[in-house]
Structures are given as C-alpha cells and as structure tokens.
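**Q** got a structure for you, letters missing:
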C-alpha cells in the first residue's frame, strides 16, 4: 500500500493527507495509516477503523466516511471535525496543525483543562462557545 496521494482527491482526502504530512510526533517519523488506526482502536471510546480504510480516505478512493470515523480522525489529529469540510484560510490550517503538535502526548484530563480555559477566554471576550 503506497502513501502517495492520488492525482485528484476530494477535499476530505486533501485535508486528511495534509494532516498526515504536517502533524508529526516530536522526534519521530510521520504517522502511517496503520499508526493512526492502531491509536484510534486503542482508545476506549474510539471506533474500530482499518488502516486500509484510512489509506482509502487519504487517497480519495473512499470519500464518504462515517461520522464516528470523522470524529475519531479529528480527535487524533487535534482538529475540529469541520476542518475536513470547510475552506479555512492558510493561517487557520497552520494554527490547527500547530495546536495538534503542541498537545501531542497530553492526557485527556490536560486537554479538558485546556478546553475549559479556551471557553473561559472566549466568554471573557464576548465570543460564542466554540
């Protein structure tokens, strides 16, 4: 199975492949489809997902993932599920990537604390909840 992008993937495939190319664990090689499938499957709330299915999503051979798979992939890479569908500007994509890299390895408890702080800051700024 090759990890080379197809010539004309859809938006979901492009976004997913972008995450694979830019979100890298510190000091390690890029994630493979198998790495991601194993990590998602290892979580108690994660759905079962095959590396071959992730590979097909990355290359655009499959283009209609289930909601639970979208959520699991977004959670793994540290992006909001809408990342796969909306047209964010380059700065927003870079911010999402940087946030994912900085939170890699943090416990769920630490991530929840960060989410709480962000929501508090949004409230202080008069912004709606994210």
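**A** Sure thing, it's come through. Note that the structure is a prediction, hence the values are computed from the model and not measured. Numbers count the residues shown, from 1 in each chain.

**Q** secondary structure element for the closest residue in space to residue 48 that isn't next to it in sequence?
**A** Among residues not flanking residue 48 along the chain, residue 41 sits closest, at 5.8 Å (Cβ to Cβ, 6 or more residues apart in numbering). (Each C-beta comes from the backbone N, C-alpha and C, glycine too.) Assigned by DSSP states H and E, residue 41 belongs to helix 33-42.

**Q** need the next SSE after that helix, C-terminal direction.
**A** For helix 33-42, the following helix or strand on the C-terminal side (DSSP H and E) is helix 51-59.

**Q** Please work out which residues outside the helix ranked longest in the chain touch it.
**A** Among the segments of the chain that qualify as a helix by DSSP state H, the longest is helix 108-124. For helix 108-124, contacts defined as Cβ atoms under 8 Å, 6 or more residues apart in numbering pick out 103, 106, 128-130.

**Q** any low-confidence regions in this protein?
**A** The chain contains residues with pLDDT under 70 at 1-9, 44, 46, 87-94, 96-98, 100-101, 130.

**Q** cutoff 50 now
**A** Across the chain, residues meeting the criterion (pLDDT under 50) sit at 1-7.

**Q** ok, how many other residues are close to residue 52?
**A** Number of residues near residue 52 (other Cβ atoms under 10 Å) recorded here: 14.

**Q** Buried residues in stretch 16-28, which are they?
**A** Buried residues in stretch 16-28, counted by 16 or more other Cβ atoms under 10 Å: 16-20, 22-23.
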